[in-house]
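Enquirer: sequence plus the predicted model coming up.
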Amino acid sequence: MGKVSAVIKDTYFKQPSWLSNVEYRETNYLSRSSTPEDAILFFTLLCGCNNIDTDREPTEVLNELIAIDEIAISGGIAFEDEGKAILPSCCCGLENWREVLEAVLSKKDVWLGHDPFPTLEYINDSVRVWSDDYFGTMRKDLSQQELQKMYYIEYNRNDLINKLEAIEMDLLEFFKYSFEKVLCMFDDDQKEMLFLKYCKWFNLVVS
């Protein structure tokens, strides 16, 4: 049964000096199980992607961050099954994760990045997530060799919808169980303001 996860990618920005220095990783998974290292790299990427200078006092950085209404952060949805993985490609952002859910609900394609261009195919009650532009919608010059290298991960459509809906809880729990804990230099009111803005950035509904 295929997995679906919220991920960030390419976190190679300068880490804030007032957070623990951690080893860079190309891909980090965001959920209740995320580590403090994941949270630090998330904050690093969030600031880096949105041109926020972290060489200042933490409160100054936070105030600028929470003043932003819309953010960009490289990543998105990762699809994995039986040793195969299809990750969000270049110019795909985690902030648009809900668009993937909406696409599957309406049986449409959705932007998952380029070079490669992951694409969706709907067959009856199944959804195939292709590793690249198998149908040549974005790439008109595909060779037979390139087509043969492509692969897909297949999901029952209802199961995929349920997994995508669960991303919302993963992101909420990432904040509560991982992200918030590394921000110990901020008081409760500051963290609450950040949480409310975080929910707005990622289109999360708090019950």
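Expert: Noted; the coordinates are in hand. As the structure is a computational prediction, the values presented were derived from the model and not from experiment.
Enquirer: lowest-pLDDT helix or strand in the chain?
Expert: Within the chain, no helix or strand scores below helix 144-149, which has a mean of 84 by mean pLDDT, DSSP states H and E.
Enquirer: can you list contacts of that one?
Expert: Identification of contacts with helix 144-149 by C-beta atoms under 8 Å, 6 or more residues apart in numbering yields 132, 134. Yep, even glycine has a C-beta here, placed from its N, CA and C like the rest.
Enquirer: what's the following helix or strand after that helix?
Expert: Using DSSP states H and E, the helix or strand that follows helix 144-149 in sequence is strand 152-156.
Enquirer: pull the distance from that following strand to the chain's centre.
Expert: 19 Å (C-alpha atoms, centre = their mean, to the nearest Å).
Enquirer: which SSE is immediately downstream of it?
Expert: For strand 152-156, the following helix or strand on the C-terminal side (DSSP H and E) is helix 157-174.
Enquirer: list the helices and strands that following helix packs on?
Expert: strand 3-9, strand 27-30, helix 36-49, helix 97-106, strand 126-130 (3 or more C-beta pairs under 8 Å, 6 or more residues apart in numbering; DSSP states H and E).
Enquirer: dump the ones you listed into JSON lines; add distance to residue 139 and mean neighbour count as well.
Expert: Formatted as JSON lines, these follow (distance: least, C-beta to C-beta, whole Å; neighbours: other C-beta atoms under 10 Å):
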{"stretch": "strand 3-9", "distance to residue 139": "21", "mean neighbour count": "21"}
{"stretch": "strand 27-30", "distance to residue 139": "24", "mean neighbour count": "20"}
{"stretch": "helix 36-49", "distance to residue 139": "26", "mean neighbour count": "21"}
{"stretch": "helix 97-106", "distance to residue 139": "19", "mean neighbour count": "17"}
{"stretch": "strand 126-130", "distance to residue 139": "12", "mean neighbour count": "19"}
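Enquirer: can you redo those as a markdown table with distance to residue 142 and mean pLDDT?
Expert: Formatted as a markdown table, those follow (distance: least, C-beta to C-beta, whole Å; pLDDT from 0 to 100):
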| stretch | distance to residue 142 | mean pLDDT |
| --- | --- | --- |
| strand 3-9 | 24 | 98 |
| strand 27-30 | 26 | 98 |
| helix 36-49 | 31 | 98 |
| helix 97-106 | 22 | 98 |
| strand 126-130 | 12 | 97 |
